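Trainee: here is a sequence with its predicted model. Questions after.
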Amino acid sequence: MNWLKKLFWYCLLIEGFIIVNGSKKFPGTFKIGVGTSAYQVEGGWNADGKGESWWDYALNTQCNTADCGNGNVAGDNYHKYKEDIAIMKDLNAGFYRFSISWSRILPTGFANETNQAGIDYYLDLLKTLKENNIDAAVTLYHWDLPQNLAQYGGWLNEQTAEWFGEYARVAFELFGDYVKYWLTINEPHVFCLGGYGSYHGMGFMCPGETDENATKIYQCSKVALLAHATAYHIYDTEFRAKQGGKVTLVTDSSWYEPISNDTKDLEAWDRELQFQLGWFAHPVYLGNWPQVMIERIAERSKGEGFAQSRLPELSQEEIDFINGTFDFFALNTYSSTLIGWADDSPISQPSYDLDTNVYATSDPSWTFAEVGYVVSWPLGIRKLVKWINDQYNPGEIFITENGWTSGDYLNDTDRITYQTSYLENVLDAVLIDNVPVTHYTVWSLIDTFEWGSGYTVKFGMVQIDFESDNKTRTYKDSANWFKKVATERCVGC
Ligand code: BGC
């Protein structure tokens, strides 16, 4: 065999991973699974002793979504979880990422009062997953704060971090024997900006506050990080030895591609990544806020007349408490954006956008979802996981969400095209770039209540007929695609 042929075969066979005619086989331990979250699929919003969350409260008192929809019934997974697990089994999903509704097990949010019916629901769900050989990846907080805690200031109050820790302890105690992966908090970046800064493409987000001083968003981020770290330490000291699970925070980011190799564009590009992803990842994986955030926000705050930076300083004790609170990296990612330099305007109104200050646009050759907001550039996910691995060296990366928005139809070839190309790029990252991605989650298993968009955009591989009493489930073409990929352990075969 000449050297060229040898190199060719070597490239095909690295780590037991084979590329056949453009198709890609999964490496030995690689798993694909599906995801949902409590408020988006459960329904049963006040069933059997469940307390109200702030989403229940907000959407039962006002129309805050594109179609005035709410999660009162959604896909009725609270009553139909066995049917959904049967679907996952049929699709050959390796794991299920779902979230616990805090107020379903602790109706007031406090740990002094539990709701047995809610506990039984999650216990049975977890046992049924186990019987079906589907791993559980469980999120403790996917945006549904108990309404009772909202009155104390929600994510602006540092005591929320302690109450979250107490809730986490209850969940670890009750469910930990069944859970391999714990995800403490989902995308604090999105709910801090969206909930306290009226900012995010997804429309209304609880608690729907504005932030003229661009201060609440940063306070929220500090409390969320303290809450995450509190739960992590509780697991570490009280449960890890007997339960052996892994715990981390769920961070989200698009891929940001520099618009050119010009030094200023590259500086803006790096700043964007630090403000989006580094904001939460840097404190957990490296310690403290990213330096560029510390410096820019302090400088702008001074110019705006504040006595202190709008970004709260973390004490050395807090830095140490948060630093290292991960067992793997959990990433939600959907889209890509082009980033270039923008000159700073004279200091005026405090704002997160001006704190970051970059020029953001899209490449016209990228694919834009016809309904909803996903912008597909498949190479973006490969670059993003490589960037994360280079920056944070987390040992293991779990893609906890990746999915495509569409209208309501069953022949969703657009979704199949997106998921195929994104999964292929994840596998390229594993094989070619040596990035340790071990899990890939398609968001979502079934159509969901999509926050500010209500029911106007769909993410599911399984359609829900929301008009029917039975909330009838029907496979879209993407569900059959998933089944084939998961069964053959190969994409594009
Ligand atoms: C959230 C999901 C949401 C998805 C699509 C993520 O930010 O975690 O709850 O459905 O994006 O918008």
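Mentor: All right, it came through fine.

Trainee: strands of the stretch 1-150 of the chain, start to end?
Mentor: With strands called from DSSP state E, counting those that start in this stretch, the stretch 1-150 of the chain shows them at 19-20, 23-25, 31-35, 95-99, 135-141.

Trainee: ugh, wrong one, the stretch 251-400 of the chain
Mentor: 255-258, 329-332, 336-340, 359-361, 367-368, 375-376, 397-402.

Trainee: let me have the ones you listed in JSON lines, extended by distance to P346 and mean neighbour count.
Mentor: Heads up, the C-betas are built off the backbone N, CA and C, glycines and all. Output for the strands of the stretch 251-400 of the chain, formatted as JSON lines (distance: least, C-beta to C-beta, whole Å; neighbours: other C-beta atoms under 10 Å):
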{"stretch": "strand 255-258", "distance to P346": "26", "mean neighbour count": "21"}
{"stretch": "strand 329-332", "distance to P346": "36", "mean neighbour count": "26"}
{"stretch": "strand 336-340", "distance to P346": "20", "mean neighbour count": "21"}
{"stretch": "strand 359-361", "distance to P346": "17", "mean neighbour count": "13"}
{"stretch": "strand 367-368", "distance to P346": "34", "mean neighbour count": "14"}
{"stretch": "strand 375-376", "distance to P346": "32", "mean neighbour count": "18"}
{"stretch": "strand 397-402", "distance to P346": "39", "mean neighbour count": "25"}
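
Trainee: of these, which is nearest N389?
Mentor: Counting by C-beta to C-beta, N389 lies closest to strand 397-402 out of the strands of the stretch 251-400 of the chain; the figure is 6.7 Å.

Trainee: partners of that closest one, with directions?
Mentor: strand 329-332 (parallel), strand 437-443 (parallel) (DSSP bridges).

Trainee: buried stuff in the next helix or strand after that strand?
Mentor: Following strand 397-402 in sequence order, the next helix or strand is helix 413-431 (DSSP states H and E). Buried positions in helix 413-431, judged by neighbour count with 16 or more other C-beta atoms under 10 Å: 414-431.

Trainee: go on, stretch 146-160?
Mentor: Across stretch 146-160, burial judged by 16+ other C-beta under 10 Å covers P146, Q147, N148, L149, A150, G154, W155, L156, N157, T160.

Trainee: could you pick out which of the residues you listed are near the ligand?
Mentor: When the buried residues of stretch 146-160 are checked against the ligand using C-beta under 6 Å from any ligand atom, none falls in range.

Trainee: which one of the residues you listed is nearest to S301?
Mentor: L156 (17.7 Å).

Trainee: and the residue lying closest to that closest one once chain neighbours are set aside, which helix or strand is it part of?
Mentor: Leaving aside its sequence neighbours, L156 sits nearest to Q219 (C-beta to C-beta, 6 or more residues apart in numbering; 5.2 Å). Per DSSP H and E, Q219 falls inside helix 216-234.

Trainee: touching the ligand at all, that helix?
Mentor: No - using C-beta under 6 Å from any ligand atom, we find that helix 216-234 stays clear of the ligand, coming within 13.9 Å at best.

Trainee: next structured bit after that helix?
Mentor: Following helix 216-234 in sequence, per DSSP H and E, is helix 240-243.

Trainee: who touches that next one?
Mentor: By C-beta atoms under 8 Å, 6 or more residues apart in numbering, the surrounding residues in contact with helix 240-243 are F172, G176, D177, V179, Y235.

Trainee: how far away is the spatially most central residue of the chain from the ligand?
Mentor: For the chain, the residue nearest the mean C-alpha position is N332 (4.1 Å; C-alpha atoms, centre = their mean). The gap separating N332 from the ligand is 5 Å, by C-beta to the nearest ligand atom, to the nearest Å.

Trainee: tell me the contacts of that residue?
Mentor: N332 neighbours (C-beta under 8 Å, 6+ apart): N186, E187, V250, T251, D252, S253, I399, T400, E401, N402, W443.

Trainee: near the ligand, from these?
Mentor: Contacts with the ligand within the contacts of N332, counted by C-beta under 6 Å from any ligand atom: N186, E187, D252, E401, W443.

Trainee: what's the pLDDT at the closest residue to the second one other than its chain neighbours?
Mentor: In this case it means E187. Leaving aside its sequence neighbours, E187 sits nearest to D252 (C-beta to C-beta, 6+ apart; 4.3 Å). The score at D252 is 98. That number is its pLDDT.

Trainee: D252 bridge partners, please.
Mentor: On the basis of DSSP bridges, D252 is bridged to N332.

Trainee: near it, how many other residues are there?
Mentor: Residues lying near D252 (other C-beta atoms under 10 Å) number 19.

Trainee: so how far is W377 from it?
Mentor: Noted for D252: a distance of 17 Å to W377, by C-beta to C-beta, to the nearest Å.

Trainee: now do A117
Mentor: From A117 across to W377, the span is 45 Å (C-beta to C-beta).

Trainee: these two: which has the busier surroundings?
Mentor: More crowded of A117 and W377, by other C-beta under 10 Å: W377, with 22 against 13.

Trainee: does that one touch S254 like I think?
Mentor: No - using C-beta atoms under 8 Å, W377 is not in contact with S254; the gap is 9.5 Å.

Trainee: identify the contacts common to those two.
Mentor: With C-beta under 8 Å, 6+ apart as the test, W377 and S254 both reach S335, S336.

Trainee: same list, the strands paired with strand 397-402, but as CSV with mean pLDDT please.
Mentor: Listed next are these as CSV, based on pLDDT from 0 to 100:
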stretch, mean pLDDT
strand 329-332, 98
strand 437-443, 98
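
Trainee: coming back round to it: neighbour-wise, which of the contacts of helix 240-243 leads?
Mentor: Going by other C-beta under 10 Å, Y235 tops these with 24 neighbours.

Trainee: what count of nearby residues applies to the residue nearest to L156?
Mentor: 20.

Trainee: tell me the contacts of it?
Mentor: Applying C-beta under 8 Å, 6+ apart, the residues near Q219 are W155, L156, Y196, P312.
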